[in-house]
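>>> Build me a model from this:
(one chain, ligands or ions: 1)
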Amino acid sequence: MTAQRTRLSVPLLDRLVPRFRNMKPYEPVAPPERLEAESDAGEEGIVKLNANENPYGPPPRVRALIESFNAANIYPDPDHAALRACLAEYTGFGAERIVAGSGSDELIALLTRLFVGSEGTVVAATPTFGMYAVETDLSGARFLGVPRSQDDFSIDLPGLVEAACNASIVFFSTPNNPTGNSVTEEEIRAVAETEVLTIVDEAYVEFAGKSLMPLADEYPNLIFLRTFSKWAGLAGLRVGYGVFPVDLASILMTVKPPYNVNTLAQAAAIAAIEDLDNALATVNIIVKERAVLQEGLRSLPSVRVFPSEANFLLVRFLEHDAKELHASLLRRGIALRHFNTPELRDCIRISVGRPRDHERLIEALREEMEAQK
Ligand code: PMP
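Below you'll find the predicted structure:
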């Protein structure tokens, strides 16, 4: 019998490329089963308002497709031909300019890998979506956040343009996660004019009702990203896409993993577009409920609710400990998003849910805020 080797002369983890030894993780949300197991929610069940998911799920045509799906044994189309044709019609941009990803997360990762070397700098107005900084870290590059106003989270445009001049990529999230406000056409133009690669992430655009995607035809350095995770209720299937200059799209098609968007995800995304009216009906409900939730939150003492064009609201607690409120609501089975960063210290992000979710939320918040006094 060969002796079991218990030690290596150079341990595996010491062989990691140095920058991967102490990575700061993106904090993904826990799945519902874990939230349920770790809370005292009991029969009431959990209220999941922490990941900007669509509480109504995908439209009927997608649900029927999922029920009858019988092609799990077949590899997906690596060219996403049917999906890209469908997206071409939906967006008005040619299929040769469209690339799909396993969520728009994958496209953010691919673009960072392609354009940011370890000497590079990636810029965004912060606070913003955490994956831009995470992917920058993975590239060994520097992430430079240009702070937004702490008062209304508007962008410091001169600061952003100045930073853009030495950057490999500038990311915009619009409406911005987690602040909810949108970027203006003027802001995108000002950054794109510097000729930096400008990536406009429209993950929540369907809830805002206005897209700046037509600008893609005016600037060869401007890219737009979208996702099916929010408006179409497909977060679990992972489908995102982007509109790119045609030569970049063909490079992305070459470097992406061949089967990056699975068969069911491709078919479901097509079905969501075919069932657009129903999908947009839930978007409309969410937009209406956003206003109701906003009113409910504003009825609480000492809170500031920021205006939002997305499917979530950012709330700043002026006299209460947001971290503690977040933890006590979680114990009661109500999952919200708290960011442990100085820019968002007193803030909690709340996804728009169903009316009954909001009732439980407001009641629990009121009680916990009272208990903190
Ligand atoms: N961009 C933004 C701004 C987001 O908030 C998210 C989801 N949290 C994504 C991209 C990624 O979406 P997905 O990978 O599910 O398409």
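
>>> worst-scoring helix or strand of the chain, pLDDT-wise?
Least confident helix or strand of the chain, by mean pLDDT, DSSP states H and E, is helix 32-37 with a mean of 87.

>>> The closest residue to the ligand within the stretch 1-150 of the chain: what's it in contact with?
Of all residues in the stretch 1-150 of the chain, residue 103 sits closest to the ligand, at 2.5 Å by Cβ to the nearest ligand atom. Just so you know, the C-beta spots here come from the backbone N, C-alpha and C atoms, and that holds for glycine as well. Residue 103 is in contact with 227, 229, 238, 239, 240, counting by Cβ atoms under 8 Å, 6 or more residues apart in numbering.

>>> mind redoing it with 10 Å?
Residue 103 makes contacts with 109, 131, 203, 227-229, 234-235, 237-240, 260-261, 265, as judged by Cβ atoms under 10 Å, 6 or more residues apart in numbering.

>>> Tell me how far it lies from residue 44.
Residue 103 sits 31 Å away from residue 44, going by Cβ to Cβ, to the nearest Å.

>>> do the same with residue 136
For residue 136, the distance to residue 44 (Cβ to Cβ) stands at 41 Å.

>>> More neighbours: those two, which one.
residue 136 (24 against 13; other Cβ atoms under 10 Å).

>>> And the strand or helix carrying the more buried one, what does it pack against?
Per DSSP states H and E, residue 136 falls inside helix 131-138. Packing partners of helix 131-138 (3 or more Cβ pairs under 10 Å, 6 or more residues apart in numbering; DSSP states H and E): helix 103-115, strand 121-126, strand 142-147, strand 169-173, strand 197-201.

>>> hmm, try it at 6 Å
With contacts defined as 3 or more Cβ pairs under 6 Å, 6 or more residues apart in numbering; DSSP states H and E, the packing partners of helix 131-138 are helix 103-115.

>>> Just checking the distance from the helix it packs on to the centre of its chain.
Distance of helix 103-115 from its chain centroid, counting by Cα atoms, centre = their mean, to the nearest Å, is 13 Å.

>>> Helix 131-138 and that helix, what's the angle between them?
40 degrees (axes from the mean of the first three to the mean of the last three Cα atoms, to 10 degrees).

>>> Could you report the neighbour count for the closest residue to residue 325 other than its chain neighbours?
The shortest distance from residue 325 to any non-neighbouring residue, by Cβ to Cβ, 6 or more residues apart in numbering, is to residue 368 (5.5 Å). As a burial measure, residue 368 scores 19 neighbours (other Cβ under 10 Å).

>>> Phi and psi next, for the residue lying closest to residue 93 once chain neighbours are set aside.
Residue nearest to residue 93 in three dimensions, not counting chain neighbours: residue 243, with 4.8 Å by Cβ to Cβ, 6+ apart. Backbone geometry at residue 243, expressed as degrees, to the nearest 10, gives phi -110, psi 120.

>>> Isn't the residue nearest to residue 325 up against residue 326?
No. Counting by Cβ atoms under 6 Å, residue 368 sits too far from residue 326 to count as a contact (9.6 Å).

>>> Neighbour-wise, which one of the contacts of residue 103 leads?
residue 239 (29 neighbours).

>>> Check what pLDDT that residue gets.
Turning to residue 239, the model gives it a pLDDT of 98.

>>> Against residue 266, how distant is it?
According to Cβ to Cβ, residue 239 and residue 266 sit 7 Å apart.

>>> Also residue 32?
25 Å.

>>> just residue 211 next, same as before
23 Å.

>>> Among these two, which residue is more densely surrounded?
Neighbour totals were compared for residue 211 and residue 266, and residue 266 leads with 21 against 15 (other Cβ under 10 Å).

>>> name the element the more buried one belongs to?
Residue-wise, residue 266 maps onto helix 263-274 under DSSP H and E.

>>> just checking, what packs against that helix?
helix 60-68, helix 81-91.

>>> quick one: is the longest one near the ligand?
I take that to be helix 81-91. No. Shown here: helix 81-91 not in contact with the ligand (Cβ under 6 Å from any ligand atom), separated by at least 13.8 Å.

>>> Buried residues of that helix, list them for me.
83, 84, 86, 87, 88, 90, 91 (16 or more other Cβ atoms under 10 Å).

>>> doesn't residue 95 make contact with the fifth one?
Yes. Under the contact definition of Cβ under 6 Å, residue 88 touches residue 95, with a separation of 4.0 Å.

>>> Which neighbours do those two have in common?
Counting by Cβ atoms under 6 Å, 6 or more residues apart in numbering, residue 88 and residue 95 have no contacts in common.

>>> Show me which residues of the stretch 201-350 of the chain are close to the ligand?
Applying Cβ under 6 Å from any ligand atom, one finds that the stretch 201-350 of the chain approaches the ligand through 201, 203, 227, 229, 235, 240.

>>> doesn't residue 104 make contact with the last one?
Pointing back at residue 240 there. Yes. Under the contact definition of Cβ under 6 Å, residue 240 touches residue 104, with a separation of 3.0 Å.

>>> joint contacts of these two?
Contacts common to residue 240 and residue 104, judged by Cβ under 6 Å, 6+ apart, are residue 227.

>>> quick one: the residue of the stretch 251-373 of the chain found nearest the ligand from residue 296, how far?
In the stretch 251-373 of the chain, the residue that lies nearest the ligand is residue 310 (8.4 Å; Cβ to the nearest ligand atom). Between residue 310 and residue 296 the distance is 17 Å, computed by Cβ to Cβ.
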